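**Student:** Pasting the sequence and the predicted coordinates here, then a few questions.
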2 protein chains.
Amino acid sequence: MENGDVDRTLSLLWRRTLGVPQGSRGPKQRFSVDEVIRAGIAVADEEGLPAFSMRKVADRLGLKLMSIYTYVPSRDELIGLMVDEVMGDPGLPPHEGGWRERLTVVARQMWDEFHRHPWLLQVEQARPWIGPNGSDRYEWQLAAIDGAGFTDLEMDQVITLISDFTAASARADVAARRTAEQSGISDAEWWAVNAPVLERLMPLDAYPISGRVGTVAGEEYNAVRDSERSFRFGLDRIFDGLDQLLGSRPQPPQA
Amino acid sequence: MENGDVDRTLSLLWRRTLGVPQGSRGPKQRFSVDEVIRAGIAVADEEGLPAFSMRKVADRLGLKLMSIYTYVPSRDELIGLMVDEVMGDPGLPPHEGGWRERLTVVARQMWDEFHRHPWLLQVEQARPWIGPNGSDRYEWQLAAIDGAGFTDLEMDQVITLISDFTAASARADVAARRTAEQSGISDAEWWAVNAPVLERLMPLDAYPISGRVGTVAGEEYNAVRDSERSFRFGLDRIFDGLDQLLGSRPQPPQA
DNA sequence: ACCAAATACCGTGAGGCATACGGAGTTAGG
DNA sequence: CCTAACTCCGTATGCCTCACGGTATTTGGT
């Protein structure tokens, strides 16, 4: 990663505050970087990241493959730009209520976003690019718990905790949905095919607890797993834990 | 996914209890499925999942590309087999102490495993294959909190919570390490290159909290982020939350 | 008014990937 | 001892990213 590359990428990310550095000579570009990014998002939304290709982005715009590279230096950069772009979509509503309510909003925003753009979960960021929308959001997330009584260090850790857990839950949920949809096989049908084979394979007495828990969970969920419910369960536990942490120290002036 | 495929894959996963169904005619295979799986794990350990290819597995064994397909039906199946294989490595030590200690061991085992085999985090399971080692581990994980006072439903949710959070934390940590190593650029150097550009781009007063928190975190961590520490912080909060849940109900006979 | 520099767009090709298919050689059951 | 069944592999198809160089277009400078 060269210094110039850093400049190039950051310039693209912050293009709105920086302006697009159009040279004046030569033909104008038929599209804008934003249109390329939006086309990329559309492709990724529809087909997922593994099937996301530069050719499809080009096709969608009516360009030929290699022209995309005049807008964006590489596939990875384009994906980085797409990530920051979608982070700007939902807006950052003003915080209301106590930190518990606020953190719920923070988590729910991420959860929804992962469901709107499941490919976000498949992005492997080499080094996280610091873009305007990501920065704004981080500031907004921190603001949700500012003054609640956490130390500065803890504030970062709390946001990390919520983000990490939400991402992992969403990952499980999205994976389950995608599989059900694209394979055309529901959980129930999948079990119908697998269960008899597994019953033959798995020594019955080797899994007493899994058997008990799995049966109860299956009946309760009407599915192998209810990710939404697990998400809420986890979030509630985490909030209780944070409560405990705050309760163990002198209260801040105003909650 | 046809019925026969299910059989084929499950047969491979449970090959130890089932025996490898060798037809008797024709030349014997030069290797075993296990050797292919181990070769695959070696490749993935060294190069990561994106660079993992059937050709490299073949090369490592001294076979030609297409011969691999006589052992294993496809790349995805091979990866599934690799996943269950590594889950058998660390063994399942007998549980000791209270549920807090036990869950710490459960989480730590996963954390370590994700660091030993970072490609586990990149695996996109379509439908999770139920293999022997995965099943054993799930049973062992449930056993860690059996009798602690959780309902059966909660037991599943607790293990999901710990697993999800651990995976997400490990993902962040592994990503940070990988980037630092393979780009040859340390966090400090990365900041040295990016900071001046960002200072020019980011309106200073737009990020008051991020600025304050980021500075404190940076000094405390000696890095942009200390994933290990965030992991422990999150785990402690989660345990406190679970404690709260258990405290709010009649105690079980024996803790 | 005209030329040359700068730029967008695109054709081609190199090198990578998974995997379908069919052929050649090998082994053992009948 | 023949032939079915099996392993191994060469080849081909159809994807992918991206480097490179060619051509057409636009405009600043003269």
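**Tutor:** In hand now; what should we look at?
**Student:** where does whatever residue of chain A ends up closest to DNA strand C fall, phi/psi-wise?
**Tutor:** The minimum distance from chain A to DNA strand C, using Cβ to the nearest atom of the strand, falls at A:G23 (2.0 Å). The way it works is simple: take the backbone N, C-alpha and C, and place the C-beta from them, glycine included. Backbone torsions for A:G23, taken as degrees, to the nearest 10, come to phi -70, psi 150.
**Student:** okay, now A:T17: neighbour count?
**Tutor:** Neighbour count for A:T17, taken as other Cβ atoms under 10 Å in any protein chain shown: 11.
**Student:** burial measure for A:L121, as a count.
**Tutor:** 19.
**Student:** Hmm, it is touching A:R171, no?
**Tutor:** Yes: using Cβ atoms under 8 Å, A:L121 makes contact with A:R171 at a distance of 5.0 Å.
**Student:** what is in contact with the two at once?
**Tutor:** A:F114 (Cβ atoms under 8 Å, 6 or more residues apart in numbering or on different chains).
**Student:** so A:H115 is in which element?
**Tutor:** Counting by DSSP states H and E, the element that carries A:H115 is helix A:99-116.
**Student:** Check which residues of that helix are buried.
**Tutor:** In terms of neighbour count (16 or more other Cβ atoms under 10 Å in any protein chain shown), helix A:99-116 has its buried residues at A:W99, A:R102, A:L103, A:T104, A:V105, A:V106, A:A107, A:Q109, A:M110, A:W111, A:E113, A:F114.
**Student:** Check the offset of it from the chain's centre.
**Tutor:** Relative to its parent chain, helix A:99-116 has a centroid offset of 11 Å by Cα atoms, centre = their mean, to the nearest Å.
**Student:** near DNA strand C, which residues of chain A?
**Tutor:** A:23, A:25-31, A:63-67, A:69-71 (Cβ under 7 Å from any atom of the strand).
**Student:** repeat that with 6 Å
**Tutor:** Contacts of chain A with DNA strand C, taken as Cβ under 6 Å from any atom of the strand, map to A:G23, A:R25, A:G26, A:P27, A:Q29, A:R30, A:L63, A:K64, A:M66, A:S67, A:T70.
**Student:** Can you turn the buried part of the residues you listed into a ChimeraX selection?
**Tutor:** Here is the ChimeraX selection string for the buried members of the residues of chain A next to DNA strand C, based on 16+ other Cβ under 10 Å:
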select /A:63,67
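**Student:** Please produce JSON lines containing the residues of chain A next to DNA strand C, extended by pLDDT, distance to DNA strand D and secondary structure.
**Tutor:** Compiled in JSON lines, the residues of chain A next to DNA strand C are given as follows (pLDDT from 0 to 100; distance: Cβ to the nearest atom of the strand, whole Å; DSSP: H, G, I helix; E, B strand; the rest coil):
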{"residue": "A:G23", "pLDDT": "72", "distance to DNA strand D": "9", "secondary structure": "coil"}
{"residue": "A:R25", "pLDDT": "85", "distance to DNA strand D": "4", "secondary structure": "coil"}
{"residue": "A:G26", "pLDDT": "84", "distance to DNA strand D": "5", "secondary structure": "coil"}
{"residue": "A:P27", "pLDDT": "90", "distance to DNA strand D": "4", "secondary structure": "coil"}
{"residue": "A:Q29", "pLDDT": "93", "distance to DNA strand D": "10", "secondary structure": "coil"}
{"residue": "A:R30", "pLDDT": "94", "distance to DNA strand D": "10", "secondary structure": "coil"}
{"residue": "A:L63", "pLDDT": "96", "distance to DNA strand D": "13", "secondary structure": "coil"}
{"residue": "A:K64", "pLDDT": "97", "distance to DNA strand D": "10", "secondary structure": "coil"}
{"residue": "A:M66", "pLDDT": "97", "distance to DNA strand D": "5", "secondary structure": "helix"}
{"residue": "A:S67", "pLDDT": "97", "distance to DNA strand D": "9", "secondary structure": "helix"}
{"residue": "A:T70", "pLDDT": "96", "distance to DNA strand D": "9", "secondary structure": "helix"}
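**Student:** Just name the closest of the residues of chain A next to DNA strand C to A:R229, please.
**Tutor:** Proximity of the residues of chain A next to DNA strand C to A:R229, judged by Cβ to Cβ, is greatest for A:L63, which lies at 45.0 Å.
**Student:** residues of the biggest helix by length in chain A that come out buried?
**Tutor:** Ordering each helix of chain A by length in residues (DSSP state H) puts helix A:152-183 first. Using 16+ other Cβ under 10 Å as the test for burial, helix A:152-183 gives A:152-176, A:179-180.
**Student:** Can you sort out which of the residues you listed also neighbour chain B?
**Tutor:** A:152-157, A:160-161, A:163-165, A:167-169, A:171-172, A:175, A:179 (Cβ under 8 Å from any Cβ of the partner chain).
**Student:** Quick check: the two most widely separated of the residues of chain A next to DNA strand C?
**Tutor:** A:R25 and A:K64 (22.3 Å).
**Student:** Many thanks, we can stop here.
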